[in-house]
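Student: Dropping a prediction and its sequence here:
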Amino acid sequence: MTLDPAYLEYPHRQLGYDHTLYDWSPLKDRKPLAWPDGKSVAVWAVVSLEWFPIIPGDTPFRAPGHMQTAYPDYRHYTAREYGTRVGFYRLLDAFAKAGVRASVAANGAIAERYPSIIRDIVAAGHEIIAHTTDMNGTIATGLPEDAERALIAQSLDSLERVSGTRPSGWLSIARSQSWNTPRLLKEAGVAYCCDWVNDELPYAFNNGLVNIPLNHELSDRQILNVQQQSVDSYAEQILDAHDWLAAEADREGGGRLLPLHLTPYIIGLPYRMDAFEHLLADLAARPQTWFARGIDILEHFRSQQ
């Protein structure tokens, strides 16, 4: 049996990616991106501040970290609520001690249920990123376009009503998008998303949306929960990554980006906070470090394009 020649025909085959959302380019071929005051490593702390409904939604998929056991799953529900009641405020204190301004990716439900948390974020000078409606608000291809458009708008509206500012950034649950998401985010006035993890510097989509890559492999969820490593190992890996990026930037020119993706009910536990505060202090003591919010990174990226 011979293979039909049409099997080998693929009309979208091209250099890099098989889509036209953005142009493919290796980091080494791009114009160097400079951070302020000669700093070489932008350390971007991003906190996922989430509300998990006690009944999980499985359409189009169940969000990572969602309820696991039979309803009512108080074990997992209250463990996650610990993040908003206790863990997040430990992070706010740690950021204040180290002089860090962070980005907080908040579900719209946080603004609706716990508006005082949103007000505390704003008062401390941190940025709010939209992180969909709640942890049932997942996006994937197959979600009707009108439903996705409404989900994006509801999230932005809820956060704006309490914070007074419409979020410029967007983080999807599990970084999952549909084919429509980049266009719908742009239409909704979102300036940047954090869902695409294929780089270590911001880059622009062809529609003007910017992606600021939020590395998953260095997240507290991945290292502490999934890989079951110690918090000391987590801190060591972050510092190793920083020092590698600083050396690379010194050797090749331009700046680099080191995201810290944090989860309050994971990193905010009492036996992890001491190591985390020491990590922030160690990062702050390195002369190459620039602690930045997503909106700050976006501003410097756009000013140099």
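Tutor: Nice, I can see it. Residues are numbered from 1 along each chain as shown.
Student: for the biggest helix by length in the chain, what is the average pLDDT?
Tutor: In terms of residue count, the longest helix belonging to the chain (DSSP state H) is helix 231-252. Mean pLDDT, taken over the full extent of helix 231-252, equals 98.
Student: Which positions in it come out as buried?
Tutor: 231, 234-235, 238, 241-242, 245-246, 248-249 (16 or more other Cβ atoms under 10 Å). In this view, the C-beta of every residue, glycine as well, is placed from N, C-alpha and C.
Student: List the strands paired with the helix or strand containing residue 47, with their directions.
Tutor: Using DSSP states H and E, residue 47 sits in strand 41-49. Strand pairing for strand 41-49, using DSSP bridges, gives strand 103-106 (parallel), strand 256-262 (parallel), strand 289-291 (parallel).
Student: For those, give me a markdown table that also has distance to residue 212 and mean neighbour count.
Tutor: Below are the strands paired with strand 41-49 laid out as a markdown table (distance: least, Cβ to Cβ, whole Å; neighbours: other Cβ atoms under 10 Å):
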| stretch | distance to residue 212 | mean neighbour count |
| --- | --- | --- |
| strand 103-106 | 9 | 29 |
| strand 256-262 | 7 | 24 |
| strand 289-291 | 14 | 21 |
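Student: Can you measure across stretch 243-261, start residue to end residue?
Tutor: Start-to-end span of stretch 243-261 (Cα to Cα, to the nearest Å) is 18 Å.
Student: Going forward, count from 40.
Tutor: Noted, 40 is the first residue going forward, which turns the last one into stretch 282-300.
Student: sorry, back to before: which elements pack onto the following helix or strand past the strand holding residue 86?
Tutor: Counting by DSSP H and E, the next helix or strand C-terminal to strand 80-88 is helix 113-121. Here helix 113-121 touches helix 303-306, going by 3 or more Cβ pairs under 8 Å, 6 or more residues apart in numbering; DSSP states H and E.
Student: Can you give me the buried ones in the helix it packs on?
Tutor: For helix 303-306, by 16+ other Cβ under 10 Å, it's 303-306.
Student: Which residues does the longest helix of the chain contact?
Tutor: Contact with helix 270-291 is made by 67, 71, 79-80, 82, 239, 257, 259, 262-263, 294-297, 299, 306, 310-311, 314-315, 317-318, 321-322, 325, 327-328, as judged by Cβ atoms under 8 Å, 6 or more residues apart in numbering.
Student: which residue sits closest to residue 59 in space, ignoring its chain neighbours?
Tutor: The shortest distance from residue 59 to any non-neighbouring residue, by Cβ to Cβ, 6 or more residues apart in numbering, is to residue 245 (6.4 Å).
Student: er, residue 114 actually
Tutor: residue 108 (6.5 Å).
Student: farthest pair in the buried residues of helix 303-306?
Tutor: Checked with Cβ to Cβ, the buried residues of helix 303-306 reach their widest spread between 304 and 306, with 8.5 Å between them.
Student: which residues do the two both contact?
Tutor: Counting by Cβ under 8 Å, 6+ apart, the contacts common to residue 304 and residue 306 are residue 126.
Student: about what we covered before: please check the contacts of helix 270-291 and keep the buried ones.
Tutor: 79-80, 82, 239, 257, 259, 262-263, 294-297, 299, 306, 311, 314-315, 318, 322, 327-328.
Student: Need the pLDDT of the residue lying closest to residue 120 once chain neighbours are set aside.
Tutor: In this structure, residue 120 finds its nearest non-sequential neighbour in residue 304, 7.9 Å apart by Cβ to Cβ, 6+ apart. In this model, residue 304 is scored at 98, pLDDT.
Student: Does residue 304 touch residue 121 like I think?
Tutor: Yes - counting by Cβ atoms under 8 Å, residue 121 is a contact partner of residue 304 at 5.0 Å.
Student: any residues in contact with both of those two?
Tutor: Common contact partners of residue 304 and residue 121 (Cβ under 8 Å, 6+ apart): none.
Student: follow-up on the earlier one: turn the strands paired with strand 80-88 into TSV, including mean pLDDT and distance to residue 219.
Tutor: Below are the strands paired with strand 80-88 laid out as TSV (pLDDT from 0 to 100; distance: least, Cβ to Cβ, whole Å):
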stretch	mean pLDDT	distance to residue 219
strand 142-145	98	21
strand 295-301	98	25
strand 328-330	98	34
